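> Model the structure of this input:
(one chain, ligands or ions: 3)
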Amino acid sequence: MSSHDTSHGTPPVDRQRMDVDIVCVGFGPATDGFLTTLSRELVNADGTPKLESAVMPGAPPQIVCYERADDIGFSVSGVVTRARGIRRTFPDLDPSQIPLATSVRHEKVLYLLDPVGASRRSLTLRIADKLIRGCRWMLPFEAEALDLPYTPPFLRKEGGLVLSLGQFNQWVGSQLLGAGTVQIWPGTPVAAPLVDGNRVEGVRLLDQGTDKYGAPEAGFMAGMDIHAALTVVADGPVGPVSSQIDRQFGMPTGHHKHDWAVGMKLVVNLPENCTLEPGTVWHTFGYPEPEIFGFLYVYPDRVASLGIFVPSWFESPVRTAYRYLQHWMLHPYLWRHLNGGTLRSWGAKTLAESGQRGEPHLVGNGYARIGEGSGSTNVLTGSGVDEAWTTGVQLAEGVIELLQEKKPFTKENLEAAYVKRRRSSWVETEGRTAKRARDGFHHGVVTGLFGMALAGVTKGVLDIPVKPRRPRDHTPTLAEYYRGRIPKSEVTKICQDCAAKNVSSHNALMDRVGWPTIPYDGKLLVSHQDALLMGGKVQAPAGYADHVVFLYPELCEICGTRICIEVCSGQAITPGGNGVPTFDREKCIHCGACVWNCATPHPEDPERSVLEFRAGAGGLHSAEN
Ligand SMILES: Cc1cc2nc3c(=O)[nH]c(=O)nc-3n(C[C@H](O)[C@H](O)[C@H](O)COP(=O)(O)OP(=O)(O)OC[C@H]3O[C@@H](n4cnc5c(N)ncnc54)[C@H](O)[C@@H]3O)c2cc1C
Ligand code: SF4
Ligand code: SF4
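Numbering: from 1, shown residues only. Ligands and ions are numbered 1, 2, ... in the order given. All right, here's what the predicted structure looks like:
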């Protein structure tokens, strides 16, 4: 069996070396919290060092953070957050100082019924829908939606904040850069950790001036090796540095990363007659498919952040977030507030939904993990930003302690200084409550909702005992999924026609089972391609290797679902001509959905798939997501 080279295409070349004290991978909320806390303890008011660098004696510790995206504000998130950790760092935080931020005011949960009759609903849901419609006159039912009279306490974010993650990152980043005590380098992907035995010694930056396979071309610049006493890994849910460390050191017994979701969102200028107030927070479920959850958060000045989550337990091989997002917006309950609005930005990103069960080894010799990639996201409360921030703060407090005591960053010392803090905090206790909260969804939506309520009410003591399965362990083929709705021969014909046009099949299949055509208005309802152009613009700087790689083309040729094509958030993966999908870096928005959706396990490691998501430059260029 042949395999593409997985060595990042790097030939043996001389690499420049730089030595720093601490190197961070990724600038998201986790690193925001880490650097904000640490930077306050580096220098005295008179400018003299409070702590001393080991690589530059006499100076404060040299701390560098590398961010893959083109700027420090290019993230994708909701965000509604209780902001407990963020407020602890900024006790006088005034949301009006952060663009697009406001306090949470009205929160509600909506059950959306299917107004078009195209979604796949279980018998239980169909009976429930009939009952709701039959009793509509006595229920808070309006525009095909049931306004639940009660928001479960675990979902409530009263007293919290609605934020744009891009704007929040920029706000934090500008304070850090203004203080001048740490360096942040956007547009600088980290290719790999530097591992020596059982120790991480720093990171290697991505080679530049290569062809798409990583081979040097004119202007080749080998990625620099950054050596550091501590490497802080905060590259998010599908970070390539995180996954290489997981491969190197393994996962703790019983832990796994099997549950995922892709979140796709828009930032929208609401129409002038829209009456939604800033601070409005809506959570939805039930439509466009029962498995798909939605959110709508209203910022000041009639701007809203809205989107959907397509989870890994959704038993569909056409799990296209973009088309579903449009049907969700067109739901009558939402559309009456959105009709006439315009798209400001758009994006998608993976969420690590295994939560605490996906927690890797948090520390090792020379490295520490923080944020979503470290299993901090709470899948019961739907909250990841404040948790990521808080793990960053906890690591910073531990690092300050170790630097003050002049102790090295060994596994043992990091356990005592960081992991101990984390274990005794709300991130840990609430994460434990949430640990199995969503397992019930592997038995259907109704069981899933019951499981969440059970975990919430009993603080995680009771749950639905189900073993979470990876998408590839339960996703049927297209023919199996559409059995009874489209004859197998017709499914094959639709797929062949789409492959001949080099497009994914989901649009044609969804049209065929009754999903209405999207009435494009050129403002908010735009084609997928237009969203790539209008929603922030995709950047793919030349001279980098492809970061999505099909490791075993011969296994792609016999793949039953070719789901990577259907899920692709940017239409960057297309059928290709020879049975192996093709990847177009110019369209990739780095959502990471292709890697965990891929239908085929890696022949040497069942925890991996045969699609590899490596470090890459560019992505969606939007500061509002
Ligand atoms: C659509 C959507 C809605 C959400 N809504 C909410 C919400 O309402 N409330 C909430 O609390 N949470 C929400 N979340 C989750 C929340 O966004 C995450 O939990 C949070 O952003 C995690 O922070 P992090 O710092 O761990 O990782 P990230 O925010 O993912 O940051 C990681 C950073 O690392 C960078 N990076 C990755 N690889 C490399 C590399 N090789 N080299 C250099 N840099 C790299 C990335 O570009 C990124 O900037 C939502 C997520 C999505 C996708
Ligand atoms: S990358 Fe995975 S999902 Fe895509 S065709 Fe290959 S095996 Fe199938
Ligand atoms: S190719 Fe890019 S845009 Fe498409 S699913 Fe993979 S990461 Fe997302």
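> Look up how far L206 lies from the nearest residue to T210 once chain neighbours are set aside.
In space, and not counting its chain neighbours, T210 is closest to A545: 5.2 Å by Cβ to Cβ, 6 or more residues apart in numbering. Quick note: C-beta positions are derived from backbone N, CA and C, even for glycine. Using Cβ to Cβ, to the nearest Å, one gets 8 Å for the distance from A545 to L206.
> Between these two, which is the more surrounded one?
L206 (28 against 23; other Cβ atoms under 10 Å).
> who's in contact with that one?
H8, T188, P189, V190, A191, G223, Y544, A545, A615, G616, A617 (Cβ atoms under 8 Å, 6 or more residues apart in numbering).
> Rebuild those as TSV, extending it with pLDDT, distance to G197 and secondary structure.
Output for the contacts of L206, formatted as TSV (pLDDT from 0 to 100; distance: Cβ to Cβ, whole Å; DSSP: H, G, I helix; E, B strand; the rest coil):
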residue	pLDDT	distance to G197	secondary structure
H8	47	21	coil
T188	97	27	coil
P189	97	25	coil
V190	98	20	strand
A191	98	20	strand
G223	97	22	coil
Y544	96	30	coil
A545	97	28	coil
A615	97	23	coil
G616	95	28	coil
A617	92	30	coil
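> Specify which member of the residues you listed is nearest to R15.
G223 (6.9 Å; Cβ to Cβ).
> so who does the closest one touch?
So G223 contacts T10, R15, A191, R204, L205, L206, D207, Q208 (Cβ under 8 Å, 6+ apart).
> Can you go through those and name the buried ones?
Among the contacts of G223, those scoring as buried are T10, A191, R204, L205, L206, D207, Q208 (criterion: 16 or more other Cβ atoms under 10 Å).
> In those residues, which has the lowest confidence score?
Checking pLDDT across the buried ones among the contacts of G223, the minimum falls on T10 at 51.
> Contact residues of the protein facing ligand 3?
Taking Cβ under 6 Å from any ligand atom as the contact definition, the chain meets ligand 3 at 548, 567-570, 572-573, 588-594.
> so where's the longest helix in the chain?
helix 385-404 (DSSP state H).
> Return the set of buried residues in it.
385-403.
> Please compute how far whichever helix or strand comes after that helix lies from its chain's middle.
For helix 385-404, the succeeding helix or strand toward the C-terminus, using DSSP states H and E, is helix 411-414. Helix 411-414 sits 29 Å away from the centroid of its parent chain (Cα atoms, centre = their mean, to the nearest Å).
> burial count for V461?
9.
> Ligand 3 versus that one, what's the distance?
37 Å (Cβ to the nearest ligand atom, to the nearest Å).
> can you give me the helices for the stretch 351-500 of the chain?
Using DSSP state H, counting those that start in this stretch, the helices assigned to the stretch 351-500 of the chain run over residues 385-404, 411-414, 420-423, 426-434, 445-457, 471-474, 478-481, 488-500.
> Please work out which of these is packed deepest.
helix 385-404 (a mean of 25; mean count of other Cβ atoms under 10 Å).
> If you count contacts, what does that helix end up packed against?
Packing partners of helix 385-404 (3 or more Cβ pairs under 8 Å, 6 or more residues apart in numbering; DSSP states H and E): helix 29-39, helix 84-89, helix 411-414, helix 420-423, helix 426-434.
> Give me the mean pLDDT for the fourth one.
Confidence over helix 420-423 (mean pLDDT, whole number) is 98.
> name the helices or strands packed onto it?
Short answer (3+ Cβ pairs under 8 Å, 6+ apart): helix 420-423 packs on helix 385-404.
> got the CA coordinates for the helix it packs on in PDB?
C-alpha atoms of helix 385-404 as PDB (Å, rounded to 0.1, in the frame of the first residue of the first chain):
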ATOM      1  CA  VAL A 385     -14.400  30.500  25.400                       C
ATOM      2  CA  ASP A 386     -14.400  31.200  29.100                       C
ATOM      3  CA  GLU A 387     -13.200  27.700  29.900                       C
ATOM      4  CA  ALA A 388     -10.300  28.100  27.400                       C
ATOM      5  CA  TRP A 389      -9.500  31.500  28.900                       C
ATOM      6  CA  THR A 390      -9.400  30.100  32.400                       C
ATOM      7  CA  THR A 391      -7.100  27.200  31.600                       C
ATOM      8  CA  GLY A 392      -4.800  29.700  30.100                       C
ATOM      9  CA  VAL A 393      -4.900  31.800  33.300                       C
ATOM     10  CA  GLN A 394      -4.300  28.700  35.400                       C
ATOM     11  CA  LEU A 395      -1.200  27.800  33.400                       C
ATOM     12  CA  ALA A 396       0.100  31.300  33.600                       C
ATOM     13  CA  GLU A 397      -0.300  31.300  37.400                       C
ATOM     14  CA  GLY A 398       1.600  28.000  37.500                       C
ATOM     15  CA  VAL A 399       4.300  29.300  35.200                       C
ATOM     16  CA  ILE A 400       4.800  32.500  37.300                       C
ATOM     17  CA  GLU A 401       5.200  30.300  40.400                       C
ATOM     18  CA  LEU A 402       7.800  28.100  38.700                       C
ATOM     19  CA  LEU A 403       9.700  31.000  37.300                       C
ATOM     20  CA  GLN A 404       9.700  32.700  40.700                       C
END
